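In: Prediction below, plus the sequence it came from.
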Amino acid sequence: DGGITQSPKYLFRKEGQNVTLSCEQNLNHDAMYWYRQDPGQGLRLIYYSQIVNDFQKGDIAEGYSVSREKKESFPLTVTSAQKNPTAFYLCASSGWGQGFGEQYFGPGTRLTVT
Amino acid sequence: GDSVTQMEGPVTLSEEAFLTINCTYTATGYPSLFWYVQYPGEGLQLLLKATKADDKGSNKGFEATYRKETTSFHLEKGSVQVSDSAVYFCALDSGGGADGLTFGKGTHLIIQP
C-alpha cells in the first residue's frame, strides 16, 4: 500500500540534544512538507521541499534543519536551538497528478523534550 | 499574508443533528480551498476540496461551497454520526500548493449518542 510513514510515533529527549524525525513516502510524490501542531494553534509549516536536493524554509524554520537526498525521504532534525520543541510533528507529501494542495499526511511523531 | 479563520470549538452535537463549521479566509488571487479531518492520535486526511468559485466539494455526506463573494468555505453535514467526532481543519492554497498550505486552528467536533 502506498503511503507515508513516520517513525517513531513517540519520542522522548533531554533538553540540549538534537533529534531526527524520520519521514518516508512511496507515493512517488515530488513535494514533501513538515508541519508542527500545537494545541489550539493548527498546523504551521516548518520546511518544504519541491524537488530532491532543494528545500525552503516555512513560517517557523528557526531551530530546525532538513535534508532531501532522496525523493522518498525528508528527515527533520530538531536542534537544541529550538526553544519549544515539544509538539506533534506531521510530515506530508503531494504530487503533480492531483494538485499540490491535496496533501497526504503521515501518522505523526509526538516529541517530548524535558 | 494568507490566513484562515474557523469557528472556535469544541462543538458538541447530538447524533443525527445538522452540522455547520464556519470557515472564512483571506488570500491573494484565487486560492484552492480544503477541509481536512484528524481523528485522535492520527495524521490529517483530505475530506473535500474546491478549486474555484461556486465549486461544491463533497465526500462522506459532508459538503462545502466555495463562496468568493463572502470569502467563505463552510462545512456542512445533514445528519452527523458518533464516528464523525474529530478535529476539522479548513485550509487554503494560494501558491499552487507546492509551497505548503495555510491552515485554520481547527474545530474539535464531539458527537454524543
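Out: Now that the structure is in, tell me what you want to look at. Numbers count the residues shown, from 1 in each chain, chains lettered A, B, ... in the order given.

In: Contacts only, for residue 72.
Out: Just so you know, I chose chain A. Each residue near residue A:72 by CB atoms under 8 Å, 6 or more residues apart in numbering or on different chains is listed here: A:24, A:25, A:26. From N, CA and C alone the C-beta is placed, and that goes for glycine too.

In: that's the other chain; I wanted chain B
Out: Listed by CB under 8 Å, 6+ apart, the contact set of residue B:72 reads B:22, B:23, B:24, B:25.

In: ok, the residue nearest to residue A:40 when sequence neighbours are not counted - how many residues close by?
Out: Nearest non-adjacent residue to residue A:40, counting by CB to CB, 6 or more residues apart in numbering or on different chains: residue B:105, 6.1 Å away. Using other CB atoms under 10 Å in any protein chain shown, residue B:105 has 19 neighbouring residues.

In: looking at it, residue B:105 is touching residue A:43, isn't it?
Out: No. With contacts defined as CB atoms under 8 Å, residue B:105 does not count as touching residue A:43, sitting 9.0 Å away.

In: Now do the shared contacts for the two.
Out: With CB under 8 Å, 6+ apart, residue B:105 and residue A:43 have no common neighbours.

In: any idea what sits nearest residue B:65, other than its immediate chain neighbours?
Out: Counting by CB to CB, 6+ apart, the residue nearest residue B:65 is residue B:56, at 4.7 Å.

In: er, residue A:16 actually
Out: residue A:80 (4.9 Å).

In: Also residue B:109?
Out: Nearest to residue B:109 is residue B:11, by CB to CB, 6+ apart, at 5.1 Å.

In: mind checking pLDDT for that neighbour?
Out: pLDDT, residue B:11: 96.
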